[in-house]
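Asker: build me a model:
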Amino acid sequence: MLNFELYTPTKVIFGKDTETQVAEQIIAFGGTKVLVHYGGDSVRKSGLLDRVCDSLKEANLPYVLLGGVVPNPRLSMVLRGVELCKQEGVDFILAVGGGSVIDSAKGIGFGLYDEGDVWDYFDRVREIPGSIPVGCILTIAGAGSEMSNSCVLTNEDGWIKRGCTRSDCARPCFAILNPELTYTLPAYQTASGIVDILMHTMERYFSNETMEITARLSESLLKTVMNNAYVVMNNPRDYNARAEIMWAGSLSHNGLLGCGTEGGDWAPHQFGHELSGKFDAAHGASISAVWGSWARYVYQSNLPRFVSFATNVMDIPIEGTLDEVALAGIKAMENFFAGIDMPYTIPQLGVTLTSEQIEEMAEKCSFFRTRTIGVIRELDRGDILAVYTMANKDA
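Answerer: Numbering: from 1, shown residues only. Okay, the predicted model is just below:
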């Protein structure tokens with residue numbers, strides 16, 4: 001077990017109709033003029049955007065709107081938001097949406113706080129010095145950005161997807177979580193978010209250093225999400241199941257499940273980032289498409305951890321060799337992905353990579369041969385190439 005620090009300053013307001021408190025929370029955190037940042041038409045059609053704007057008007061809080069955030073949020077939108085906020089004198093950013101909207105809002109917050117190039121933070125050239133306050137109303141459970149210290153953007157110049165160096169100034173000051181706001185999500189978005197929650201948990205669980213209580217918390221969260229995934233896929237308006245998944249999404253990425261570890265593996269995320277950056281695939285789906293291949297490639301480097309996953313999470317009995325148990329656990333997780341219509345190979349994403357594309361993604365994933373990824377087993381460019389090649393085969 002390693003030393004650790006846990007800092008989770010985000011105020012969470014959870015439950016039905018909690019979005020009605022948004023103006024009160026903005027004022028409490030010092031906001032006087034607000035950028036309301038959102039994605040597509042769904043927040044308009046649902047009436048949520050109108051309710052938020054009406055709440056701000058009633059509180060005499062001036063605001064400006066900026067919509068159009070897309071999945072795998074773009075650097076260009078962040079830069080546009082920074083300029084708009086400077087022109088309008090905005091001092092608070094409210095994200096209304098899922099992880100992409102929240103990450104875009106975080107990027108704008110970084111850019112407003114500091115005059116430098118926002119991409120420097122994602123290119124690891126500079127540390128993030130700070131952010132203007134960001135709050136959020138979550139409409140998609142999955143990314144965990146509502147409580148996390150991270151942010152991921154895609155730079156259209158080269159279609160490079162990068163996460164910033166983790167910084168506590170990236171944590172929203174408040175997060176409003178109403179599970180009812182997720183009722184109308186398409187099944188694919190719901191499933192992709194569920195996979196993202198599982199992956200945030202497994203990235204930390206598959207670690208060479210851990211503590212028992214953290215591991216048991218992770219195992220319980222994984223089983224809870226998987227059990228409730230089947231419920232919401234069959235009944236999208238089941239409040240309790242939606243609530244379990246939404247809160248699990250926040251807990252999976254707020255730092256709690258990394259306590260006592262070296263921070264987790266995160267190689268599957270890096271593989272997925274290159275896929276979603278190049279092909280604009282949904283974040284969760286891009287990771288599930290490579291996870292099984294990664295797991296088979298590295299499992300012998302920490303066989304006990306993969307056996308624990310198989311027995312404690314996937315309910316695989318200890319029969320045969322430990323290798324067989326570990327591999328059965330990996331296959332059981334792939335079967336779960338298939339059960340909620342998520343891919344577990346790259347061709348199931350609708351893409352079959354050429355050898356040139358695999359080479360390109362291995363270059364980008366290794367930061368052009370300047371880094372390795374993963375902790376269960378450190379993977380260099382050659383290993384990354386091998387995992388992409390494995391995942392590129394049909395099931």
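
Asker: what ranges does the protein have for its strands?
Answerer: Here the chain has its strands, by DSSP state E, at 11-14, 34-38, 63-66, 92-97, 134-138, 152-155, 160-163, 174-177.

Asker: buried residues in the longest one, which are they?
Answerer: Meaning strand 92-97. Residues 92-97 are the ones in strand 92-97 that count as buried (16 or more other CB atoms under 10 Å). Glycine gets a C-beta too; all of them are placed from N, C-alpha and C.

Asker: where does the chain dip in pLDDT?
Answerer: Judged by pLDDT under 70, the chain has its weakly predicted residues at 1, 165, 395.

Asker: one more pass at 80, please.
Answerer: Within the chain, the stretches with pLDDT under 80 are 1-2, 4-5, 165-166, 262-263, 394-395.

Asker: tell me the domain ranges of it?
Answerer: As recorded under automatic domain parsing, the domains making up the chain are 11-182, 187-391.

Asker: give the contact list for Glu360.
Answerer: Glu360 makes contact with Lys278, according to CB atoms under 8 Å, 6 or more residues apart in numbering.

Asker: nearest to Gly264 among the strands of the chain would be which one?
Answerer: Ranking the strands of the chain by proximity to Gly264 (CB to CB) places strand 160-163 first, at 12.8 Å.

Asker: give me the sheet partners of the closest one and which way each runs.
Answerer: Paired strands of strand 160-163, with direction, are strand 152-155 (antiparallel) (DSSP bridges).

Asker: quick one: distance of the strand it pairs with to the chain centre.
Answerer: Offset of strand 152-155 from its chain centre (CA atoms, centre = their mean, to the nearest Å): 13 Å.

Asker: now stretch 271-288
Answerer: Centre to centre, stretch against its chain (CA atoms, centre = their mean), the figure for stretch 271-288 is 11 Å.

Asker: for stretch 375-384, same thing?
Answerer: Distance, stretch centre to chain centre, for stretch 375-384: 22 Å (CA atoms, centre = their mean).

Asker: do stretch 133-142 as well
Answerer: Relative to the chain's own centre, stretch 133-142 is displaced by 12 Å; criterion: CA atoms, centre = their mean.

Asker: tell me, how many residues neighbour the residue lying closest to Met147 once chain neighbours are set aside?
Answerer: Setting aside the residues directly before and after it, Met147 is nearest to Asn254 in space (CB to CB, 6 or more residues apart in numbering), at 3.9 Å. When neighbours are defined as other CB atoms under 10 Å, Asn254 has 23 of them.

Asker: please name the residues that touch Asn254.
Answerer: Contacts of Asn254 (CB under 8 Å, 6+ apart): 8, 10, 144, 147-148.

Asker: list just the nearest of the residues you listed to Cys85.
Answerer: The nearest one, if we look at these relative to Cys85 and count by CB to CB, is Thr10, at 21.3 Å.
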